[in-house]
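> predicted model follows, preceded by the sequence.
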Amino acid sequence: MYRSYWNMEYNPFSKEISTDKMYKTEDFNEAITRLEFLEKTRGIGLFTGLPGTGKTYTIKYFLENLNSGLYKIVYLPLTSVSVIDFYRALCIGLNLEEKNSKTRMFFNIQNNIKKIVQEQKKHLIIAIDEVQLLKSEILTDLKILFNFEMDSKNMATVILIGLPVINHVLSRSVHEDLKQRIVMNYDFKGLSKEDIKRYIKDRLDLVKVNEDKVCETVYEVLPNIVDGSIRKLNLIMERALILGAIEKNQRIDNELIMKASNDINLV
């Protein structure tokens, strides 16, 4: 096993690392600050970024650390659906009976939101992932779904998560109303060169592996390979450790990184 070769108790580049051991990137800190503001003001927030830059992970961390007694959390990951199926998914998240009528579900959802907020005294947060896949009709309905008391109150916090292309979609005149309702947005930049170096050293420190096991030149080539993606960096580092163990290398060098990169691009 490669872990025993490097004297590691576990893989420090695994996505299954517990949140108390997570590395908080610059993106993470910036996004959390904005999420905290959004939570206080309510309304709609938009969080975008390229694949693997940590959008969903950051928001998941934020939501999991809220008091379940004070918050009702609904997370919708499946967005490549019809309008009626979107309403059904929202009903499931709110523990409502699904209907065949969009109109019935619309009013049931609105009434349930009022009940959660006004009677149960809970803060409702609805997070919708991969919003770039939502049909135009659903985006149009979002501004209506969360319109309460003639648009004078924000009853819920809505977090929209997706790829940057959603900004182009929302720039269309048909979605101007929804765009104007977005009170907070953040675009994940991804790992910088400095972030990559700090991240790798932090991960190795978790398993008490000396940072000199990674050649300094590696930090010059990695930024162009991972393109800001934490997910891709984790995959490459894990594969480099595996290849290093197979080849009995003492250090992770540029050659191993390139081999690892080629391997994951073929997966």
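Yes, it's here. Quantities reported herein were computed from a predicted structural model and do not represent experimental measurements. Residues are numbered from 1 along each chain as shown.
> can you show me the helices along the stretch 51-200 of the chain?
For the stretch 51-200 of the chain, helices defined by DSSP state H, counting those that start in this stretch occupy the ranges 55-64, 83-93, 102-114, 136-145, 165-170, 176-180, 193-206.
> can you add mean pLDDT and mean neighbour count and give the ones you listed back as CSV?
Where you see a C-beta, it was placed from the backbone N, CA and C, and this is true even at glycine. Conversion of the helices of the stretch 51-200 of the chain to CSV gives the following (pLDDT from 0 to 100; neighbours: other C-beta atoms under 10 Å):
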stretch, mean pLDDT, mean neighbour count
helix 55-64, 93, 18
helix 83-93, 96, 18
helix 102-114, 94, 16
helix 136-145, 91, 16
helix 165-170, 96, 16
helix 176-180, 91, 15
helix 193-206, 94, 17
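> quick one: Val214 and Ile252 touch, right?
Yes - if you go by C-beta atoms under 8 Å, Val214 and Ile252 touch, sitting 4.7 Å apart.
> my read: Val83 touches Lys135, true?
Yes - here Val83 reaches Lys135: they are 6.2 Å apart, a contact under C-beta under 8 Å.
> not counting sequence-adjacent ones, nearest residue to Asn154?
Arg42 (3.9 Å; C-beta to C-beta, 6 or more residues apart in numbering).
> which residues touch Cys215?
Cys215 sits next to Arg251, Ile252, Asp253, Asn254 when contact means C-beta atoms under 8 Å, 6 or more residues apart in numbering.
> any of these buried? List them.
By neighbour count, with 16 or more other C-beta atoms under 10 Å, these hold Ile252, Asp253 as buried.
> show me where pLDDT drops low in the stretch 151-267 of the chain?
151-153, 266-267 (pLDDT under 70).
> and Ala127, how many neighbours?
23 (other C-beta atoms under 10 Å).
> and the residue nearest to it when sequence neighbours are not counted, how far is that from Gln180?
Leaving aside its sequence neighbours, Ala127 sits nearest to Ile159 (C-beta to C-beta, 6+ apart; 4.3 Å). Shown here: Ile159 relative to Gln180, a distance of 17 Å by C-beta to C-beta, to the nearest Å.
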